[in-house]
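> please work out how this folds:
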Amino acid sequence: MSGQSRFMLVTSPLMEHSPAFDRAAALAKAEGAALHIVAFDYLEGLATAGMVNEKALEQMRLGYVERHRQWLEDQARPLRKIGVTVTTEVAWVQNPLEEILIHLKEQPMDVLIKALEHQSLLSRLIFTPLDVHLLRECPVPLHFVSRAVNALPRKVVAAVDPFHRDDHYKTFNDRILHEATKLATACNAELDVVYAYDLSSISSDEFGFDNGSAFFSSTHNKTLYDAQLEAFNELAQRNGIAEPQRHMIMGNPAKVLSRYADTFDVDVIVMGRLGHRGMGRLIGSTVEHLLYKMPCSVWVVYTERLDE
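Below you'll find the model as predicted:
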C-alpha cells in the first residue's frame, strides 16, 4: 500500500475506553499511520419497539448515535494534539461483521485493532462471538488487545511453524516474521521467535516414515528433531533472526506459547491464521484456542487457503 498507513480501531457500542484505544493510538503515533475509529452501535433495548412507538424509538437511536459520535470525538481530540491523524465514525447496524468487511473492502486498512471481548466457553459454544468471526474472515492483519500494560509494545514474539513440506508454509512463516519484525522495529521493542513443536501432531507417513512404531523410535525421534531444528534455523537465518532470539520448545503449542508469554512478560504475540480447509495445525487452529487464554495481546496474520 502506498502513502500513509491506515489503521482501523473498532470500538464497543457502550462508550468504554478500553486498552485498545491506548494501543491503537501508540501504534499509529509510532508508525505515522492514520487512525480511523469506528463504532457499530446496536443495543437490544433500543432495537425493538416494545412499549415505545417507532418514531420515538428512532429518535432515541439517533440520539444515542449522536452522543456516541461526540464521545468518540472527545477521545480523538488528544490524539490529534500529538500529531495523529484521526477520523471517527458511528453507525447503527445489526450485523457488525458484515459492516466491518464492507468497510475493509471499500477502505483498505493495514491492520484492524479491537479489544478482545472475553466470553465463557459455554457462551462461545452457543453463539460464535464477533471476535471469532473476524478471526476466520477478516482479510487484513488483526490485533486483538486483551490488555496493554505498555501502550507501545516492549516485547514482541513471533510464533512460527516451519516444519512443512508444502512451500506455501515457507512463504507464510516469512510473512509472520516480516509482520513481527516490522512491529518490533516501529515500537523499538525486543523480538523473539518461538517454534513450539509437538511430535504427536505429526503423522508418520507425512514425513516418509514407514510405520508409526519406527516414527517414534529414539533414532527417528532424533532425526525428526534435527530436521525441525534445521528448518527453524533456516527460516530464522533467512529473515535475519539472530540465534539468541530463537527458541525451539517442545510441547503443545497453545500451552508453550501461553506459558512463554506469561513468563517473559510478552506484550504481543504474532501468529498466523490459515483457512479452515487447509492443513489446520499450529498456524491455523492454535489461534482460536489461544485467543481467550493468552496473557497478552495477539496479532494475527492471514493467508489464503492452501488447498483451493
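> ok, and the closest non-adjacent residue to Leu134?
The shortest distance from Leu134 to any non-neighbouring residue, by C-beta to C-beta, 6 or more residues apart in numbering, is to Leu142 (6.1 Å). For the C-beta atoms, the positions are set from N, CA and C on the backbone; glycine is no exception.
> err, Leu97, not the other one
That would be His133: by C-beta to C-beta, 6+ apart, it lies 4.8 Å from Leu97.
> would you mark the buried spots in the strand or helix carrying Leu235?
Per DSSP states H and E, Leu235 falls inside helix 218-238. Neighbour-count burial for helix 218-238, counted by 16 or more other C-beta atoms under 10 Å, picks out His220, Leu224, Gln228, Leu229, Ala231, Phe232, Asn233, Leu235, Ala236.
> please name whichever of those scores lowest on pLDDT.
On pLDDT alone, His220 ranks lowest of those, at 71.
> re the thing from before, for the helix holding Leu235, name the packing helices and strands.
Under the contact criterion of 3 or more C-beta pairs under 8 Å, 6 or more residues apart in numbering; DSSP states H and E, helix 218-238 touches helix 167-187, strand 190-197, strand 246-250.
> for the closest residue to Leu235 other than its chain neighbours, which three-state class applies?
In space, and not counting its chain neighbours, Leu235 is closest to Pro162: 4.3 Å by C-beta to C-beta, 6+ apart. With DSSP: H, G, I helix; E, B strand; the rest coil as the basis, Pro162 sits in coil.
> what sits against Pro162?
Tyr169, Lys170, Asn173, Tyr195, Gln228, Ala231, Phe232, Glu234, Leu235 (C-beta atoms under 8 Å, 6 or more residues apart in numbering).
> do the same with Cys138
Applying C-beta under 8 Å, 6+ apart, we find Cys138 in contact with Ile100, Leu101, Leu104, Leu112, Tyr302.
> sorry, back to before: now the helix holding Leu235 against strand 246-250, angle please.
150 degrees (axes from the mean of the first three to the mean of the last three C-alpha atoms, to 10 degrees).
> quick check: bridge partners of Met271?
Judged by DSSP bridges, the bridge partners of Met271 are Val300.
> count the residues that sit near it.
For Met271, the count of nearby residues is 27 (other C-beta atoms under 10 Å).
> got the CA coordinates for the helix holding Leu235 in PDB?
C-alpha atoms of helix 218-238 as PDB (Å, rounded to 0.1, in the frame of the first residue of the first chain):
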ATOM      1  CA  SER A 218      14.600 -43.000  19.500                       C
ATOM      2  CA  THR A 219      16.600 -42.900  16.300                       C
ATOM      3  CA  HIS A 220      13.800 -41.400  14.200                       C
ATOM      4  CA  ASN A 221      12.900 -39.100  17.100                       C
ATOM      5  CA  LYS A 222      16.500 -37.600  16.900                       C
ATOM      6  CA  THR A 223      16.200 -37.500  13.100                       C
ATOM      7  CA  LEU A 224      12.900 -35.700  13.300                       C
ATOM      8  CA  TYR A 225      14.300 -33.200  15.900                       C
ATOM      9  CA  ASP A 226      17.300 -32.400  13.800                       C
ATOM     10  CA  ALA A 227      15.100 -31.900  10.700                       C
ATOM     11  CA  GLN A 228      12.900 -29.500  12.700                       C
ATOM     12  CA  LEU A 229      15.800 -27.600  14.100                       C
ATOM     13  CA  GLU A 230      17.300 -27.200  10.600                       C
ATOM     14  CA  ALA A 231      14.100 -25.900   9.200                       C
ATOM     15  CA  PHE A 232      13.700 -23.500  12.100                       C
ATOM     16  CA  ASN A 233      17.300 -22.200  11.800                       C
ATOM     17  CA  GLU A 234      16.900 -21.800   8.000                       C
ATOM     18  CA  LEU A 235      13.800 -19.800   8.400                       C
ATOM     19  CA  ALA A 236      15.400 -17.600  11.100                       C
ATOM     20  CA  GLN A 237      18.600 -17.000   9.100                       C
ATOM     21  CA  ARG A 238      16.600 -16.100   6.000                       C
END
